[in-house]
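> this one's structure only:
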Ligand code: DGL
């Protein structure tokens, strides 16, 4: 493996970001690590998540990564600032809820932000909210329990539809709080985006942060002179997990193909 780009999440969700990274940098090598053993992160304390994220990043550095993407909104809000202080010259890019494009497309309208309880509680999100809440009516909605459907491979289940139906009821088409946009502020949620659309009604537009995150990673590598100059080569993707479930890697590969 050439010098690789590490991609990290609490579990399999960050594969939604990995796909976009590969789309934008097809000639690079990637190592995706999902910390499924310790997932969910969203209901842990900030200190716990920070420690797990620093531990993973330190390991990537030792393995020879040329950049790290924290493909987890929760881990980003808990640890990205500290990591940048620890490694000021190293390309480390996090992800945050795509509120900016959402308010741009839905000015003055209702925009729902779905994320983990920690992401919504953290200062980083409150700063983001302060920046954009004058442009649209932003409704933050913590969704504990939602990432588990993706993590456990139950994205086509009746239970998921029932869960979403209850969670999203006030925001459906035709209801007083009908929303025009939905920000998927957790990297697991793009894998249930179709179900979210179905429950809300087709009008609500969906936004996630993968495109902007991948663009920023590419820019940072470019500035550092670390992009692979061989544009013809086909890069590789390797999956790693902390999960003890022997089916986890297979599941990660099939989410990547989805
Ligand atoms: N995928 C993570 C995120 O983007 C969170 C899932 C979890 O709670 O572990 O926030």
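Sure thing, it's come through. Only a predicted model underlies this, so the values are computations on that prediction, with no experimental measurement involved.

> only C-alpha atoms for contact and neighbour calcs from this point on.
OK.

> Contact residues of the stretch 51-200 of the chain facing the ligand?
Within the stretch 51-200 of the chain, the residues that sit near the ligand (C-alpha under 6 Å from any ligand atom) are 72, 73, 74, 116, 147, 186, 187, 188.

> As CSV, those residues with pLDDT, secondary structure and neighbour count would be great.
Shown next, in CSV, are those (pLDDT from 0 to 100; DSSP: H, G, I helix; E, B strand; the rest coil; neighbours: other C-alpha atoms under 10 Å):
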residue, pLDDT, secondary structure, neighbour count
72, 98, coil, 30
73, 98, helix, 30
74, 98, helix, 34
116, 98, coil, 23
147, 98, helix, 25
186, 98, coil, 28
187, 98, coil, 28
188, 98, coil, 28
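
> ok, which stretches of the stretch 51-200 of the chain are helices?
73-86, 99-105, 117-121, 123-132, 146-151, 158-168, 193-200 (DSSP state H, counting those that start in this stretch).

> Can you pull out the residues in contact with the third one?
The contact list for helix 117-121, computed with C-alpha atoms under 8 Å, 6 or more residues apart in numbering, reads 42-46, 73-74, 77, 125-126, 140-144, 185.

> Nearest residue to the most centrally placed residue in the chain in space, please, no chain neighbours.
Among the residues of the chain, residue 187 comes closest to the average C-alpha position under C-alpha atoms, centre = their mean, at 2.7 Å. Spatial nearest neighbour of residue 187, excluding adjacent residues (C-alpha to C-alpha, 6 or more residues apart in numbering): residue 13 at 4.8 Å.
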